[in-house]
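Novice: okay, predicted coordinates and the sequence, questions at the end:
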Amino acid sequence: MKACVFTLGCKMNEVESASLMRGLEERGYEVTDELGFADLYLLNTCAVTAEAERKSRQAVARMRKFNPGAPVIVCGCASEQNAEAFLEKEGVSLVLGAQNKGKVLDVLEKRGIFNETEQNFCELPAPKQTKTRAFLRIQDGCNRFCSYCLIPYLRGRTRSRSAESVLAEAERCGAKEIVLTGIDVSSYRDGDVGLGELLLLLKNVPARVRLGSLEEGIVDEKFLAQMKEAGNVAPHFHLSLQSGSSAVLKAMNRRYTREEYLDCCRKIYQFFPEAAITTDIIVGFPDETEEDFQESLSIIGEAGFARVHCFPFSSRPGTAAAKKKDLPAEVKRERMARIMTAAKRAETAYISRFLGTERTVLFEEDGGYSENYLRVYADGAKEGMLARVKLTELFRDGAKGQIQFQQGG
Ligand code: SF4
């Protein structure tokens, strides 16, 4: 029997799908993540934009074309947001929403409709992933209610995996890099163990530990000192910004000002002078004036970002921001073009700082990442290789380098 687990959207969805794939394999299925003929389809949907929702619905039709008789099980954010849109589609057997992913396999076994609300952290089987880089779920849900975001409504309140379980999976997975993943990793808490304490518990795991997306509030001297003490945590901070304007941040319900965010960057550089700070910026939030937008442009250089992911604002029905008037599409398009140029300039400046230096790079299939998140390419590199690499020139989305020597096994 063949099962297809098809995924749209964020890293969390990918990690959860990898767990489901493993669970299906343990139940005897041959599993693929590519759309094609299968006896069973599991669709993990995304609702981050209207386009993502549309693609999620389209995927059902594509599955039906490959095998009209196979059951289609739909889970994930788009199905939480608009279950009817999936239920009315021919061939859909179950719609499970975003909060019940840990139960999908049980439901398949029982062949019943599952509609409880689970607010404890759902343990899933360890994801199917390589020995190079493993994504480890430590948290789910979010309490922040940013005014543009549906996630707290779809995934429920924040809950954390027990530190014991995180440690056990980290020790078991055998990967050379472990990425701690969640919706709001900063809110991690298991009793007295917050994120900083968790890093200290992971310090003897023989792997480089990388943090998933963080919120500004977590970064204080205590947390940075814990990171440093752990010794195996990559100096890479994906610190969501969303806007460089304090007025827009307030309208977004982001709970910090431009100055507080910049102060947080300064603290990071005091502890980790070579740190990569990467971020997300939303362009064209309702009411964003040209002056507000200029503040988003100027903060890119001021913060010294290593990489900036920019997105045009996309109104999500059901959120507070959806009640505001959207900016014209051409304004958003034009601002996107300008911010992408600024982002590219910052990225090039950051990479250029490290040309001529040696970095420790963990190679994947095509290139790899240094501890400070530089994308590095080198002749002779193989997937899983950890090596000191001297960076020689800018190349593609990163730098090219020469392998000096290999580290570890
Ligand atoms: S922090 Fe804000 S943007 Fe991120 S998931 Fe929570 S509500 Fe959404």
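Specialist: Arrived safely.

Novice: can you list the domains in this structure?
Specialist: According to automatic domain parsing, the chain comprises the domains 2-110, 133-352, 358-407.

Novice: nearest to the ligand, of those domains?
Specialist: Among the domains of the chain, domain 133-352 comes nearest to the ligand, with 3.1 Å by C-beta to the nearest ligand atom. Quick note: C-beta positions are derived from backbone N, CA and C, even for glycine.

Novice: what's the end-to-end length of that closest one?
Specialist: 26 Å (C-alpha to C-alpha, to the nearest Å).

Novice: numbering from 89 from now on, please.
Specialist: In the new count, where the first residue is 89, that last one comes out as domain 221-440.

Novice: would it count as contacting the ligand?
Specialist: Yes: using C-beta under 6 Å from any ligand atom, domain 221-440 reaches the ligand at 230, 232, 233, 234, 237, 239, 240, 271, 272.

Novice: okay if I get the domains of the chain as CSV plus mean neighbour count and mean pLDDT?
Specialist: Listed next are those as CSV, based on neighbours: other C-beta atoms under 10 Å; pLDDT from 0 to 100:
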stretch, mean neighbour count, mean pLDDT
domain 90-198, 19, 82
domain 221-440, 18, 95
domain 446-495, 18, 96
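
Novice: any chance of the ones you listed in JSON lines, plus distance to residue 209?
Specialist: Shown next, in JSON lines, are the domains of the chain (distance: least, C-beta to C-beta, whole Å):
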{"stretch": "domain 90-198", "distance to residue 209": "8"}
{"stretch": "domain 221-440", "distance to residue 209": "4"}
{"stretch": "domain 446-495", "distance to residue 209": "28"}
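
Novice: can you tell which of those domains is closest to residue 208?
Specialist: Closest approach to residue 208 among the domains of the chain is made by domain 221-440 (6.1 Å; C-beta to C-beta).

Novice: distance from the chain centre to the closest one, please.
Specialist: How far domain 221-440 lies from its chain's middle: 9 Å, per C-alpha atoms, centre = their mean, to the nearest Å.

Novice: go on, stretch 95-115?
Specialist: 14 Å.

Novice: do that stretch and the ligand meet?
Specialist: No: between stretch 95-115 and the ligand, judged by C-beta under 6 Å from any ligand atom, nothing touches; the nearest distance is 9.6 Å.

Novice: contacts for that stretch?
Specialist: 91, 93, 119, 121, 128, 130, 132-136, 140, 143-144, 147, 164-166, 189, 192-193, 212-217, 223, 225, 228, 269-271, 300 (C-beta atoms under 8 Å, 6 or more residues apart in numbering).

Novice: so which of these belong to helices?
Specialist: Mapping these onto helices (DSSP state H) picks out 140, 143, 144, 147, 165, 166, 192, 193.

Novice: OK, contacts around the fourth one?
Specialist: When contacts are counted by C-beta under 8 Å, 6+ apart, residue 147 touches 94, 96, 123, 131, 133.

Novice: one more time with 10 Å, if that's ok
Specialist: Residue 147 sits next to 94, 95, 96, 123, 129, 131, 132, 133, 160, 162, 166 when contact means C-beta atoms under 10 Å, 6 or more residues apart in numbering.

Novice: I'd say residue 186 and residue 144 touch.
Specialist: No: judged on C-beta atoms under 10 Å, residue 186 makes no contact with residue 144 at a distance of 11.7 Å.

Novice: common neighbours of those two, please.
Specialist: 132, 133, 134, 135, 164, 165, 166, 167, 169.

Novice: just curious, which of these is nearest to residue 489?
Specialist: Nearest member of these to residue 489, counting by C-beta to C-beta, is residue 134, at 35.0 Å.

Novice: what about the nearest residue to the closest one once chain neighbours are set aside, is that helix, strand or coil?
Specialist: Nearest residue to residue 134 in three dimensions, chain neighbours excluded: residue 97, at 2.5 Å (C-beta to C-beta, 6 or more residues apart in numbering). Using DSSP: H, G, I helix; E, B strand; the rest coil, the structure places residue 97 in coil.

Novice: next one: phi and psi at residue 97?
Specialist: Torsion angles at residue 97 (phi, psi; degrees, to the nearest 10) stand at phi 100, psi -140.

Novice: if we can go back for a sec, which pair in the contacts of residue 147 spans the largest distance?
Specialist: 123 and 166, at 16.5 Å, using C-beta to C-beta across these.

Novice: now the closest residue to residue 276 other than its chain neighbours: how far from residue 308?
Specialist: The shortest distance from residue 276 to any non-neighbouring residue, by C-beta to C-beta, 6+ apart, is to residue 283 (4.5 Å). Residue 283 is 11 Å from residue 308, where distance means C-beta to C-beta, to the nearest Å.

Novice: ok, now residue 301?
Specialist: In this structure, residue 301 and residue 308 are 18 Å apart, going by C-beta to C-beta.

Novice: cool, residue 441 as well?
Specialist: Taking C-beta to C-beta as the measure, residue 441 falls 26 Å from residue 308.

Novice: cool, and residue 363?
Specialist: Residue 363 is 15 Å from residue 308, by C-beta to C-beta.

Novice: again, but for residue 333
Specialist: Using C-beta to C-beta, residue 333 is found at 24 Å from residue 308.

Novice: next one: residue 360
Specialist: From residue 360 to residue 308 the distance is 14 Å (C-beta to C-beta).

Novice: before we move on, the earlier item: narrow the residues of domain 221-440 next to the ligand to those in helices?
Specialist: Using DSSP H, the subset of these located in helices is 239, 240.

Novice: pull the most distant pair out of the residues of domain 221-440 next to the ligand.
Specialist: Longest span within the residues of domain 221-440 next to the ligand, C-beta to C-beta: 233 and 271, 12.5 Å.
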